[in-house]
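Undergrad: The following comprises the amino acid sequence and a computationally predicted model.
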Amino acid sequence: MKNIFFVALAILCAVATGCAQKKVPAAVDSVFKTKFTNATNVSWDKENSLEYEAEFTMKGVKYSANFSNTGKWLETEQGIPYEELPELVKQSFTNSHKDDKLKTIAKIETSEGKMYYEIEVKKLLSSEEFFYDANGKELQDDDTDNDAED
């Protein structure tokens with residue numbers, strides 16, 4: 001009897017999770033499917049009242065993409081290895097954060113045509129993110145924010 005209960009509970013959780021991920025506005029879903037036709041393992045989160053984020057895989061690489069609630073693509077973040085960072089970014093990061101332990105690295109492309117890099121480092125009980133342009137200039141948060149309003 002316990003096994004039936006746990007199986008039913010697992011099915012209920014799977015259905016609830018699937019339904020929660022389908023609450024993306026049709027405009028957002030349509031633009032996502034057009035822009036990322038080869039995406040697999042897609043999961044959605046609502047970043048805030050104006051923005052949705054899809055996490056997915058393409059050709060074995062992890063991505064995330066953000067969209068306004070009206071379907072405007074805002075940015076795409078692609079996980080990359082340290083070796084793929086531009087040399088100037090590596091130098092700048094090493095000069096100012098040489099003792100930090102790397103956690104993740106991403107290349108970010110925005111709807112405004114900007115390209116920058118995010119380096120996340122491990123801290124004692126948390127992590128910290130640093131952003132750089134391709135020339136190795138460290139950017140402030142306001143240099144990297146996207147506005148979800150149309």
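TA: Right, received. Where do you want to start? Bear in mind that the values here come from a model prediction, so they are computed numbers and not experimental data.

Undergrad: where along this protein do the helices fall?
TA: Secondary structure of the chain (DSSP state H): helices at 2-21, 26-35, 87-97, 141-144.

Undergrad: middle-most residue in the chain, spatially?
TA: With distances taken as CA atoms, centre = their mean, the residue of the chain nearest its centroid is Ser64 (3.3 Å).

Undergrad: can you pull out the strands in the chain?
TA: 40-48, 51-58, 61-68, 73-79, 101-110, 115-122, 127-133, 138-139 (DSSP state E).

Undergrad: what's near enough to touch Val61?
TA: 78-79 (CB atoms under 8 Å, 6 or more residues apart in numbering). Yep, even glycine has a C-beta here, placed from its N, CA and C like the rest.

Undergrad: Now with 10 Å, please.
TA: Neighbour list for Val61: 78-80 [criterion: CB atoms under 10 Å, 6 or more residues apart in numbering].
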